[in-house]
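K.L.:
predicted structure and sequence below. I'll ask about it afterward.
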Amino acid sequence: MCHHAACAVKILEGKVPVIKGKHQHEVLRATDPVGDVEQVSFDRRSALLGIASTPAWWTATTLPAGARNVTTIPTWTLDGGVEFPILALNTVGLTMEDAERAVRLAQEAGITHVDFHPDRERDGVAKFIASSGREGLFLNTKIRKAPPGISPTEAAEATRRQIDEDLGILGVDSVDMLMLRDSADCDVIQAQWAALEAALAAGKTRSIGVINFCEFSLSCVLQSAVVKPAINYFMLHVGMGPDAHGLRSFGESRGVRTFAYGAVGEPGPSDELLSSPVLRRIGAAHKRSAEEVALRWVLQNGAAVSVRPTTAFGLGVSTCTEGPTCSLGLQARAQSFEWSLTSEEMAELNSISSPDGNPTLFSSTGCPGSWGSLGEEGKAALLGNK
């Protein structure tokens, strides 16, 4: 089996491995000329393991006219006048080198909102800032999940330390948003949120939000919040319904906007979604791919979206290697605002009920159906082993 690093080399050489599986969708080699294309396939399990491949819409010839132009991404105005770009680069799973490259390529495509974790992805963002500066970037980072059993006081102190550490590594005085992960302990959530409010007051961040907060977590933080979360960041894709099983309306009715990840599935790209006859038919009508339809659906339903640079990603892995694949993938994603789905198409996509998903899959065990509560069999099912 070829894992992501080796396969990335083969892509650069124009030798994309053919992966056989039960569920497949066709992709093209980045180096193949249109009209003389070798079709290759990959299954969902392969993608989840991080196997690289190149969807057809990443080839230069399949991008819409003008796709190499820089796109202006729309923004939301949050409290305090913060302009929040509604399309972000999701760096999760990238190496430090790939994260640095992805930030540069995203910025070239017009995507300035960078969504990153406080580990190797942050270090890649720091390298970009050190070489190119932070001007024009919207820096959005996350607080590490509090370990089970930690006291509220200890959790708040760890949050404060992490914020200062991250700012030091990034070489900046402040970021544009800090997002808090949930805990099964409401007292811990409230203590950490108070630490984020203090960081906001001190000018260390311009806005604060939450990640994978279910109704329990949102209710908890709103009980004590002086500043309510600007956004809740959770999974949303076609098949889950536009309201994400009620989580969107629960938050938005309380003034918390929806920032989505997983437009093509999580913890890896959903083959059912990408090979959907409905998405392919709608895409064909607009000369777009199923991936583009899936992303446009989330945006057109009023959510902001954080996107992986390619669909070669899995649990804990993602890629943005040298060569055209990552650049063209980001350019295509940035073009999502240059076309729209019809009201009839939106209604049809809204009605699809599969593949379903848990919007807060990566929450703590305080939320139902979280990754940590699934057990090995449940995780294997999501990873395509069963």
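P.N.:
Structure received. Numbers count the residues shown, from 1 in each chain.

K.L.:
and the helix or strand residue 128 falls within, what does it pack onto?
P.N.:
Here residue 128, judged by DSSP states H and E, is contained in helix 120-132. The contact analysis (3 or more C-beta pairs under 8 Å, 6 or more residues apart in numbering; DSSP states H and E) places helix 120-132 against helix 96-109, strand 113-116, helix 152-170. Heads up, the C-betas are built off the backbone N, CA and C, glycines and all.

K.L.:
how does it look with 6 Å?
P.N.:
Judged by 3 or more C-beta pairs under 6 Å, 6 or more residues apart in numbering; DSSP states H and E, the packing partners of helix 120-132 are helix 96-109, strand 113-116.

K.L.:
contacts for the last one, please.
P.N.:
For strand 113-116, contacts defined as C-beta atoms under 6 Å, 6 or more residues apart in numbering pick out 85, 88-91, 103, 122, 125, 137-141, 306.

K.L.:
which of these fall in strands?
P.N.:
85, 88-90, 138-141, 306 (DSSP state E).

K.L.:
low-confidence ranges in this protein?
P.N.:
1-69, 371-386 (pLDDT under 70).

K.L.:
how about 90 then?
P.N.:
Residue ranges of the chain with pLDDT under 90: 1-71, 361-362, 364-386.

K.L.:
got the domain ranges for it?
P.N.:
4-62, 75-382 (automatic domain parsing).

K.L.:
of the ones you listed, which stretch is the most buried?
P.N.:
Per-stretch averages of neighbours, counted by mean count of other C-beta atoms under 10 Å, single out domain 75-382 among the domains of the chain, with a mean of 20.

K.L.:
centre of the chain to that one, how far?
P.N.:
Relative to the centre of its chain, domain 75-382 is centred 5 Å away, using C-alpha atoms, centre = their mean, to the nearest Å.

K.L.:
pull the most distant pair out of the contacts of strand 113-116.
P.N.:
85 and 122 (18.8 Å; C-beta to C-beta).

K.L.:
got the contact list for the closest residue to residue 318 other than its chain neighbours?
P.N.:
In this structure, residue 318 finds its nearest non-sequential neighbour in residue 93, 3.4 Å apart by C-beta to C-beta, 6 or more residues apart in numbering. With contacts defined as C-beta under 6 Å, 6+ apart, residue 93 is in contact with 313, 316-318.

K.L.:
is residue 93 in a helix, a strand, or coil?
P.N.:
coil (DSSP: H, G, I helix; E, B strand; the rest coil).

K.L.:
so how far is residue 263 from it?
P.N.:
Counting by C-beta to C-beta, to the nearest Å, the gap between residue 93 and residue 263 amounts to 16 Å.

K.L.:
hmm, back to that, give me the angle between the helix holding residue 128 and helix 152-170.
P.N.:
30 degrees (axes from the mean of the first three to the mean of the last three C-alpha atoms, to 10 degrees).

K.L.:
gap between residue 291 and residue 332?
P.N.:
From residue 291 across to residue 332, the span is 8 Å (C-beta to C-beta).

K.L.:
all helices for the stretch 251-386 of the chain, in order.
P.N.:
271-274, 277-286, 290-300, 324-334, 343-351, 375-382 (DSSP state H, counting those that start in this stretch).

K.L.:
how about residue 75: what's its closest non-neighbour residue?
P.N.:
Nearest in space to residue 75, with sequence neighbours left out and distances taken as C-beta to C-beta, 6+ apart, is residue 83 at 4.2 Å.
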